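S.K.: Need a 3D model of the sequence below.
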Amino acid sequence: MSLPRLRRATAALAALPLLALGAGQAVAAPAPAAPAPATRASTSQVAAIEDGIARTLAASLTDSAVRERLRSATAGAGAAELAPLAAAAPGQAGRGLATATERADHAVAAAKGLGDLGPLLRVQLADPSMRAALDAGAAPLVAVAAADDHARTLRAYDTAGRARALDTGSLPGQPVYLVDIDTGKTLAAGIALLQREFAARGLDATGLDAKGAQAPGAVQAAGGWWATKISGIEVADDEEPWFKGAAEMFSLVTGFGQDGKVRVDSVAMPYLQYDGTVYYPNQILVNWSNYKYNLADVVLMEDDGDTNYLALAQAVAAVLLTIADQGAYIPLVNAVLAALPSSWWTDDPDYVESWYTLARGSSGRLNGARGNGWMTVEPYFVQQF
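M.R.: Now for the predicted structure:
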């Protein structure tokens, strides 16, 4: 099975249309921001790590034991963790691959601003149709699942370590293994890091105090609290190429907390994987007891492997902490988008969609401001036991 990945139509920041705020108001797309921390791990840094492992893995396939373990490990659906696969392979080739993979796993985690997460690099056959040739003894190539949606060629390595350019417009006739990162694991760790960092900077992403109790500013309704629940969601796409890696989705919900300070809640959406598919998660998106005003904004983003969560939290906090409560709702989507560097607007579409002026009473289908997705929401009362 090919690695699923949402491919978004990318657009320059300046091309965002005016976004309606209601009552005849509109706000233009955010102006270019001052230089911000690098919220993406350096493209060359992460890509170099994966590329190095792809080349090492390709060279190790001259060893029959490594080649057979890889073939067996990727026989089922989904990707196989590379570290345990390499550790179980006997011989010098297996030991060399295991050592290189362990180092690379640590380097990837560090580049994403995360601590040690164990195995992160994965490998998978690019397409199920390649299985027959692989089982028949065809020599495979190894490539990195590309981050560029518009790449025309993909660099792959043969068992001699030679680089070959593959046409991304058609499925290769030779079996290809794709190396990528377990973004599901990094997303979970990244969301936890975002919550800690936002709370530490006064953006109170959790709504809880240091002891885990409800924060003093959070107002509860009698017997529970009101929420906005996502009953359906879809992100548009026009192609799912064979060479793409997996991506994981998350949202940043912004508004003013009960203390009058900007707050950010990060919400993981790991189920949102395929384009053109309507998902019915029944997921809580907003806890309105944490907000002062009856309006909040949502920015939908994806981690395609190179998001640096620590730097993202720092960049967003640096912008939002300059915004003061003026006694009325202020749209914060623009501030969040302004915190993102220009690389998030070209080729690698980590910014996916945004919704302005979500209210507690919002119900029905809400189209995103970017025209790249929609969600159906409804008010939902969460009762206490």
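
S.K.: And the helices in the stretch 201-350 of the chain?
M.R.: 309-320, 333-338 (DSSP state H, counting those that start in this stretch).

S.K.: who are the neighbours of the helix or strand that the last one is followed by, in terms of helices and strands?
M.R.: Counting by DSSP states H and E, the next helix or strand C-terminal to helix 333-338 is strand 351-358. Here strand 351-358 touches strand 19-22, strand 224-235, strand 296-303, helix 333-338, strand 373-383, going by 3 or more Cβ pairs under 8 Å, 6 or more residues apart in numbering; DSSP states H and E. Where C-beta positions appear, they are placed from N, C-alpha and C, glycine not excepted.

S.K.: looking at those, which is buried most?
M.R.: Burial of the helices and strands packed on strand 351-358 is given as mean neighbour count (mean count of other Cβ atoms under 10 Å); strand 296-303 ranks first at a mean of 25.

S.K.: List the strands paired with that strand, with their directions.
M.R.: Sheet pairing for strand 296-303, assigned by DSSP bridges, gives strand 248-256 (antiparallel), strand 351-358 (antiparallel).

S.K.: which helix in the protein runs the most residues?
M.R.: In terms of residue count, the longest helix belonging to the chain (DSSP state H) is helix 91-111.

S.K.: same question for that helix, mean pLDDT?
M.R.: On average, the pLDDT along helix 91-111 is 93.

S.K.: Mind listing what's buried along it?
M.R.: For helix 91-111, burial by neighbour count (16 or more other Cβ atoms under 10 Å) applies to 93-94, 96-98, 100-102, 104-109, 111.

S.K.: Looking at those, which is nearest residue 381?
M.R.: For these, the closest approach to residue 381 (Cβ to Cβ) belongs to residue 109, at 39.7 Å.

S.K.: The closest one contacts residue 116, doesn't it?
M.R.: Yes: using Cβ atoms under 8 Å, residue 109 is in contact with residue 116, at 6.1 Å.

S.K.: Could you name every residue contacting both of those two?
M.R.: Contact criterion Cβ atoms under 8 Å, 6 or more residues apart in numbering; residues shared by residue 109 and residue 116: none found.

S.K.: Could you save the strands paired with strand 296-303 as JSON lines and add columns showing mean neighbour count?
M.R.: Shown next, in JSON lines, are the strands paired with strand 296-303 (neighbours: other Cβ atoms under 10 Å):
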{"stretch": "strand 248-256", "mean neighbour count": "24"}
{"stretch": "strand 351-358", "mean neighbour count": "22"}
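
S.K.: Put together TSV for the ones you listed, with mean pLDDT and distance to residue 180 on each row.
M.R.: Below are these laid out as TSV (pLDDT from 0 to 100; distance: least, Cβ to Cβ, whole Å):
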stretch	mean pLDDT	distance to residue 180
strand 248-256	86	12
strand 351-358	89	19
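
S.K.: And those: which comes nearest residue 186?
M.R.: Within the strands paired with strand 296-303, the stretch nearest residue 186 is strand 248-256; the backing value is 7.6 Å (Cβ to Cβ).

S.K.: any idea of the angle the closest one forms with strand 373-383?
M.R.: Relative orientation of strand 248-256 and strand 373-383, computed by axes from the mean of the first three to the mean of the last three Cα atoms, to 10 degrees: 60 degrees.

S.K.: CA atoms only for strand 248-256, dumped as PDB, please.
M.R.: In PDB, the C-alpha atoms belonging to strand 248-256 read as follows (Å, rounded to 0.1, in the frame of the first residue of the first chain):
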ATOM      1  CA  GLU A 248      -0.600  14.000  10.300                       C
ATOM      2  CA  MET A 249      -3.000  16.800  10.900                       C
ATOM      3  CA  PHE A 250      -3.500  19.100  13.900                       C
ATOM      4  CA  SER A 251      -5.400  22.300  14.600                       C
ATOM      5  CA  LEU A 252      -4.500  25.400  16.600                       C
ATOM      6  CA  VAL A 253      -7.600  27.000  18.200                       C
ATOM      7  CA  THR A 254      -7.100  30.600  19.200                       C
ATOM      8  CA  GLY A 255      -9.100  33.100  21.200                       C
ATOM      9  CA  PHE A 256      -9.000  35.100  24.400                       C
END
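
S.K.: In contact with the residue nearest to residue 250 when sequence neighbours are not counted: list those residues for me.
M.R.: Counting by Cβ to Cβ, 6 or more residues apart in numbering, the nearest residue to residue 250 once its immediate chain neighbours are dropped is residue 268, at 5.1 Å. Residue 268 is in contact with 187, 188, 191, 248, 249, 250, counting by Cβ under 8 Å, 6+ apart.

S.K.: Those residues: which two are farthest apart?
M.R.: Using Cβ to Cβ, the contacts of residue 268 reach their maximum pairwise distance at 188 and 249, which is 12.5 Å.

S.K.: Overlap in contacts, the two.
M.R.: Common contacts of residue 188 and residue 249 (Cβ under 8 Å, 6+ apart): 268, 270.

S.K.: wait, residue 288 sits on residue 228?
M.R.: Yes: Residue 288 lies in contact with residue 228 (Cβ under 8 Å); the separation is 7.2 Å.

S.K.: and for these two, which residues touch both?
M.R.: Residues touching both residue 288 and residue 228 by Cβ under 8 Å, 6+ apart: residue 360.

S.K.: pLDDT weak spots in the stretch 101-250 of the chain?
M.R.: Low-confidence segments of the stretch 101-250 of the chain (pLDDT under 70): 147-149, 204-222, 237-242, 245-247.
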